[in-house]
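Peer 1: Quick check, what structure comes out for this input:
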Amino acid sequence: MPSALNPSLAQFRRKPKLLPAERYVEGILSGDRVYLGQAITLIESNISSHQSVAQTIITACLPHSGKSQRIGITGTPGVGKSTFIEASGLHLIDDHQRKVAVLAIDPSSQVNRGSILGDKTRMERLSRREEAFIRPSPAGTTLGGVARKTRESIILCEAAGYDTILIETVGVGQSEIAVHSMVDCFLLLLLPGAGDELQGIKRGIVEMADLVFINKAEAERKQLAKQAQKAYRNAIHLFAKKESDWTAEIHLGSALQQIGLPEIWERIQTYFEHIQRNQFLVTHRQEQANYWLSESIEDALKQWFYGDEAIQAKLDTLRAKVMRQELSPFAVAELLLKEKL
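Peer 2: Residues are numbered from 1 along each chain as shown. Next comes the predicted model:
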């Protein structure tokens, strides 16, 4: 069991006594990691009383949020994301006096619960630091739900004083798009070797990247990494110009051997200076807020509709008729919506 590997994980399974929202807010604003973790647990909960308190906490924390650098980190399995995040977190804390929060997007965690718990165990050095907060992925059966809870968790982490928020994609596929919709900078980790059709990475994900870090570029792999760097640089010129007016950069290094980490984080800071100077950071966050407003409305409407037991019972019957082509899907949808209204 995961608790045998890391007993501290038990705190994430305990159900804390529900306190007044003000207590959580006071604790979060004072930087208390226990209150922060408990408040995020309320965000993750589907219990209506927990959600009510959670929304009050979020509203109170909003004026204290928005001051961090939100950075998404993705890459193929085995690329070394956990090692990179832990080494980066320690570098930012020790050399730049930053406070680092690590969150994850992993819709599969509800099923296997393995990956992010393992990541937390592997990031043991970082998790012991007072300046760091590492949170397992919110439980959820849908990517949209997980992503919404992660975005709300970002607000609380920022209010608690974390000035660097690292959002890791643990799942694959659409999770990268979800992460991109809530971060300022998108960092793609790759392995040396560019001759394998972009290593299974979809072109769209490469296009989203603001910076690329080719990890494990040491010893005999260094030459291979340089070839990959050249190939990706050539590929970038084929992509459309970014709205941020920033050209993606490709860097080499090794998180395990601490090679190239100061340089990649220096370039990340240069990127943030660039998007602050041209006002892209402000407009980008406004667009993200509008996007999540629309997503939240759609999510609420779905819950309002599908949560109706009477509608659900009729839907099951009518769905069978649709599948037998006895009724039109559009007619059934209109019928049920009119009944709900």
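Peer 1: who's in contact with residue 36?
Peer 2: Residues counted as contacts of residue 36 (C-beta atoms under 8 Å, 6 or more residues apart in numbering) are 27-28, 133, 156-157, 160. To be clear about C-beta, it is placed using only N, CA and C from the backbone, and glycine gets the same treatment.
Peer 1: so how far is the first residue of stretch 324-334 from its last?
Peer 2: Terminal residues of stretch 324-334 are spaced 18 Å apart (C-alpha to C-alpha, to the nearest Å).
Peer 1: residues of it that come out buried?
Peer 2: Buried residues in stretch 324-334, counted by 16 or more other C-beta atoms under 10 Å: residue 332.
Peer 1: from here on, count from 393
Peer 2: Done: numbering now begins at 393, and the last item shifts to stretch 716-726.
Peer 1: chain center to it: distance?
Peer 2: Relative to its chain's centre, stretch 716-726 lies at 38 Å (C-alpha atoms, centre = their mean, to the nearest Å).
Peer 1: who wins for neighbours among the contacts of residue 428?
Peer 2: Counting neighbours by other C-beta atoms under 10 Å, residue 548 comes out on top of the contacts of residue 428 with 30 neighbours.
Peer 1: What strand or helix carries that residue?
Peer 2: helix 535-551 (DSSP states H and E).
Peer 1: what distance separates that helix from the middle of the whole chain?
Peer 2: In this view, helix 535-551 has its centroid 8 Å away from the chain centroid, taken as C-alpha atoms, centre = their mean.
Peer 1: Go through that helix and flag the buried ones.
Peer 2: 535-551.
Peer 1: same deal with stretch 642-649?
Peer 2: 642-647.
Peer 1: how long is stretch 542-562 end to end?
Peer 2: One end of stretch 542-562 sits 13 Å from the other (C-alpha to C-alpha).
Peer 1: Do me a favour and average the pLDDT over it.
Peer 2: Across stretch 542-562, the average pLDDT comes to 95.
Peer 1: Are there helices or strands packed against the helix or strand encompassing residue 723, and which ones?
Peer 2: Assigned by DSSP H and E, residue 723 belongs to helix 721-732. Under the contact definition 3 or more C-beta pairs under 8 Å, 6 or more residues apart in numbering; DSSP states H and E, helix 721-732 sits against helix 672-698, helix 701-715.
Peer 1: closest to residue 657 out of these?
Peer 2: Of all the helices and strands packed on helix 721-732, helix 672-698 sits nearest to residue 657, with 17.5 Å by C-beta to C-beta.
Peer 1: and the angle for the closest one with helix 701-715?
Peer 2: With axes from the mean of the first three to the mean of the last three C-alpha atoms, to 10 degrees as the basis, helix 672-698 and helix 701-715 are set at 90 degrees to each other.
Peer 1: Name the residues of helix 672-698 that come out as buried.
Peer 2: 672-673, 680, 684, 687.
Peer 1: Low-confidence stretches in this protein?
Peer 2: Across the chain, the ranges flagged by pLDDT under 70 are 393-408, 499-514, 530-534, 536, 563-566, 586-595.
Peer 1: related to what we said a few turns ago, take the contacts of residue 428 and lay them out in CSV including distance to residue 709.
Peer 2: Converted to CSV, these look like this (distance: C-beta to C-beta, whole Å):
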residue, distance to residue 709
419, 49
420, 47
525, 48
548, 43
549, 46
552, 49
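Peer 1: wait, which of those residues is closest to residue 696?
Peer 2: residue 548 (25.9 Å).
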